[in-house]
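K.L.:
Here is my input; please provide its structure:
(one chain, ligands or ions: 1)
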Amino acid sequence: MPQESLEGVDVTMCGIFGYIGKRNVVKACTEGLSLLEYRGYDSAGIAGVVEGKIALRKRAGKVADLCEVLDLVHLDFAIAHTRWATHGVVNECNAHPHLDSSESFALIHNGIIENYATLKQEMQERGVSFLSETDTEVLVQLIAAEYCGDLAAAVDRVAKRLKGVFSFLVIHKDHQEIVGFANGCPLSVGVNEDEVILSSDPNTFLGQSFRVLFLDPQETVRVRRGSVEIFDPGMKQKEKRTLVMESILKPPSKGSFPHFMLKEIYEQPEACKRALEGRLGSNGVFFQNLLLSEESLRDSDVVWTVGSGTSFLAGMVGGLFLEEWASLPSLCEIASEAQYRTTFFSSKTMMVAISQSGETADTLAALRKAKCDGYKTLALCNTEHSAMAREADGVLFLKAGPEVSVCSTKAFTSQLILLALFSLHMSALRKRLGEEEILLLGKSLEQLPQMMQTVLDRVDQIAALAKKYARYDDFFFMGRRYMYPTALEAALKLKEISYVNANGYPAGELKHGPIALLDRNFPVIAFCANEKTREKMISNLMEVKARGAPLLAIAPERMKEVEKIADDILWIPDSSDPLAPFPSIVAGQLFAYEIAKARGCPIDQPRNLAKSVTVE
Ligand code: F6R
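P.N.:
Residues are numbered from 1 along each chain as shown. Alright, predicted model coming up:
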């Protein structure tokens, strides 16, 4: 028996899109793909039916690269794909769609077929040969082998044999239909009088109002012009609830900004106002439609925050809010590790899953595991209709508006606002801080938009500093307490978009090892705005200086003593410790952006990354 290892295989995380309707099919598909590029942009492809034959075009590269070589004018209907490779090189052969040997079927897929190796061997023993090393090609060959005239029935029979978390779309040259199947990866269907669209994300349904439905695990969908049928395993047809998407969506635009990242950095004061809107009143914090009762919140005695990347780091700051304001201990864990935890502090632990997209596979897996183990779950998401928003016991929306740049900025500060509000709410429920104090703290959050704007207004100064520091290839970022996760987040921004080696540390930790790396070519960026640790931080700055490393301090205006130590200082407005991450991270974001710009990096779509990471 072959090993069920994914070694050497093109497991994909990506965007899938299918279109049947009145618009030009090729144009509708490429527009849809452009909006799905946040899920991956290594390669792209399209396959459709024309004159009873499958037409296929694919390219390694972005959707724009595919468009440049697209000679297809007319297709009856089509499926299209944008890929983020996890295993297997990025090349045209591994790009989707994949065809069966008779070139009668084309298939695109998102996720992992875990038992692909066994299935592939079985097909090879039956004499089927494969062009690529992808698990996707195994899928299309299997469906071809099972096909007896009914495509959906073949999908149903094959789906029973598949293991993993995935979704796929398949077409056949003789049928005017697209068949889809989902098992844990998102697949939504939008229908109106003129068209039917299938997509990994309903935010790609542009132009008109759609009735939208989401496939549940193990469901098969068959769409034809004007009709949508959903089947449970065994081809049992079922009624499906549909939602109406009220608004007509518009494609996101950069406006007058050169990059989405910069636009989103500048949107933060407004995004924070929206996150606060309607949630602070004379009685304290109020959450509409939270779904979790006050009793069940009050009953929680540990908060377990999980998230990935930036969202994990927001959870770290949130843990400090919870401790400081609600006397609630927290465990902040990286989502991909959280699901392996077997021992908990308390059976009354509540998980708070934090995710901009609400679709990150690692975070979703942690949430599902916690639910399955009987813990209460709350999701903090930006994207409505996302899997986490649907599956958690309670949900709070960031209301930050679409975040397009791969590098997360406004989602982070909106997550912090929600975590601050949530901590104040928990404080009131647990009777920790007095009513007056909660109201005052709530009011202080309303100063944050102005505080962030003050930093945004210092962009020229930040750009000048970035120009000076852009020549270095290694950086340490350091801070204490609230400034520790802030330093981690600022380092993440820089490494992600500038491709320089930037690592964050608690400032007290440098002397336990990392300081050995410092010399005059290894700058340190110090986040100094935590008042409670002021003296200790000053000592840490001196330790860095004594090693000859260039030192840039991001410091509150009151901290004049920094002038004698740091080579460069970026002053930010004074604030209390819990609020200091906000102005500090805006400075860190702009610094990273300006360095990436100075180094000529692509910024909104850094290499090797994707906005929504839907594989574990
Ligand atoms: C960093 C970044 C990533 C995401 C992470 C989680 O700038 O964007 O680290 O924060 O992939 O994504 P969400 O929040 O969608 O779960």
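
K.L.:
Give me the distance from stretch 118-135 to the chain's centre.
P.N.:
The chain centroid and the centroid of stretch 118-135 are separated by 33 Å, computed with Cα atoms, centre = their mean, to the nearest Å.

K.L.:
Quote the end-to-end distance of it.
P.N.:
Stretch 118-135 stretches 11 Å from its first residue to its last (Cα to Cα, to the nearest Å).

K.L.:
same thing with stretch 102-121?
P.N.:
19 Å.

K.L.:
Return the nearest residue of the stretch 201-350 of the chain with respect to the ligand.
P.N.:
Closest residue of the stretch 201-350 of the chain to the ligand, Cβ to the nearest ligand atom: Gly309 (1.8 Å). Any C-beta I mention is one placed from the backbone N, CA and C, and that applies to glycine too.

K.L.:
ok, now which ones touch that residue?
P.N.:
408, 492 (Cβ atoms under 8 Å, 6 or more residues apart in numbering).

K.L.:
For the stretch 301-450 of the chain, what lies in contact range of the ligand?
P.N.:
308-311, 355-357, 360, 363, 407-408 (Cβ under 6 Å from any ligand atom).

K.L.:
go with 8 Å
P.N.:
Within the stretch 301-450 of the chain, the residues that sit near the ligand (Cβ under 8 Å from any ligand atom) are 307-312, 335, 354-360, 362-363, 382-383, 406-409, 411-412.

K.L.:
among the residues you listed, which are in strands?
P.N.:
Judged by DSSP state E, strands contain the following of these: 307, 354-355.

K.L.:
For PyMOL, write a command that selects the buried ones of these.
P.N.:
A single PyMOL command selects the buried members of these (16 or more other Cβ atoms under 10 Å):
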select buried, resi 307+354+355
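
K.L.:
Export the ones in strands among the residues of the stretch 301-450 of the chain next to the ligand to a markdown table and append columns for pLDDT.
P.N.:
Below are these laid out as a markdown table (pLDDT from 0 to 100):
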| residue | pLDDT |
| --- | --- |
| Gly307 | 98 |
| Ile354 | 98 |
| Ser355 | 98 |
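
K.L.:
which one among the ones in strands among the residues of the stretch 301-450 of the chain next to the ligand gets closest to Ala275?
P.N.:
Comparing these against Ala275 with Cβ to Cβ places Ile354 closest, at 13.2 Å.

K.L.:
what's the spacing between the closest one and Arg161?
P.N.:
36 Å (Cβ to Cβ, to the nearest Å).

K.L.:
And Ile334, by the same measure?
P.N.:
Plainly put, Ile334 is 33 Å away from Arg161 if you go by Cβ to Cβ.

K.L.:
Out of the residues of the stretch 301-450 of the chain next to the ligand, list just those in helices.
P.N.:
By the criterion of DSSP state H, membership of those in helices covers 309-312, 335, 362-363, 411-412.

K.L.:
what's the closest of those to Pro329?
P.N.:
Using Cβ to Cβ, Phe312 comes nearest to Pro329 of these, at 17.8 Å.

K.L.:
What's the first helix or strand after the helix or strand where Thr136 lies?
P.N.:
Using DSSP states H and E, Thr136 sits in helix 135-146. From helix 135-146 onward toward the C-terminus, using DSSP H and E, the following helix or strand is helix 151-159.

K.L.:
Val303 sits in which helix or strand?
P.N.:
Going by DSSP H and E, Val303 is in strand 302-307.

K.L.:
Same question for Val544.
P.N.:
Using DSSP H and E, the element containing Val544 is helix 534-546.

K.L.:
Return the alpha-carbon coordinates of the helix or strand following that helix using PDB.
P.N.:
Using DSSP H and E, the helix or strand that follows helix 534-546 in sequence is strand 551-556. Extracted in PDB, the C-alpha atoms of strand 551-556 (Å, rounded to 0.1, in the frame of the first residue of the first chain):
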ATOM      1  CA  LEU A 551      18.600  52.200  17.700                       C
ATOM      2  CA  LEU A 552      15.300  53.600  16.600                       C
ATOM      3  CA  ALA A 553      12.900  54.300  19.500                       C
ATOM      4  CA  ILE A 554       9.200  54.700  19.000                       C
ATOM      5  CA  ALA A 555       8.400  56.500  22.100                       C
ATOM      6  CA  PRO A 556       5.700  58.600  23.800                       C
END
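
K.L.:
Can you mark which positions in strand 551-556 are buried?
P.N.:
Across strand 551-556, burial judged by 16+ other Cβ under 10 Å covers 551-556.

K.L.:
Please list which of the residues you listed are also close to the ligand.
P.N.:
Within those, nothing lies near the ligand by Cβ under 8 Å from any ligand atom.

K.L.:
Pick the one among those residues closest to the ligand.
P.N.:
Taking the buried residues of strand 551-556 together and measuring to the ligand by Cβ to the nearest ligand atom, the closest member is Ile554, at 18.6 Å.

K.L.:
what pairs with that closest one across the strands?
P.N.:
Beta-bridge partners for Ile554, by DSSP bridges, are Phe527, Leu570.

K.L.:
So Lys431: helix, strand or coil?
P.N.:
Under DSSP: H, G, I helix; E, B strand; the rest coil, the three-state class of Lys431 is coil.

K.L.:
which ones are touching it?
P.N.:
So Lys431 contacts nothing (Cβ under 8 Å, 6+ apart).

K.L.:
how near is it to the ligand?
P.N.:
Distance, Lys431 to the ligand, using Cβ to the nearest ligand atom, to the nearest Å: 32 Å.

K.L.:
For Ile334 and Arg161, indicate the residue with more neighbours.
P.N.:
Applying other Cβ atoms under 10 Å to Ile334 and Arg161 shows that Ile334 carries more neighbours, namely 18 against 13.

K.L.:
quick one: the spatially closest residue to that one that is not a sequence neighbour and Ser336, what's the gap?
P.N.:
In this structure, Ile334 finds its nearest non-sequential neighbour in Phe312, 5.2 Å apart by Cβ to Cβ, 6 or more residues apart in numbering. Going from Phe312 to Ser336 by Cβ to Cβ gives 9 Å.

K.L.:
Neighbour count for the two, which is higher?
P.N.:
With neighbours defined as other Cβ under 10 Å, Phe312 and Ser336 compare such that Phe312 has more, 26 against 18.

K.L.:
Stretch 268-284 vs the ligand: in contact?
P.N.:
No: if you take Cβ under 8 Å from any ligand atom as the test, stretch 268-284 misses the ligand, and the best it gets is 14.1 Å.

K.L.:
what does that stretch contact?
P.N.:
Taking Cβ under 8 Å, 6+ apart as the rule, stretch 268-284 contacts 285-288, 398-401, 409-410, 413-414, 417-418, 421, 424-425, 428, 435, 438-439, 442-443, 445-446, 448-450, 452-453, 456, 582, 586.
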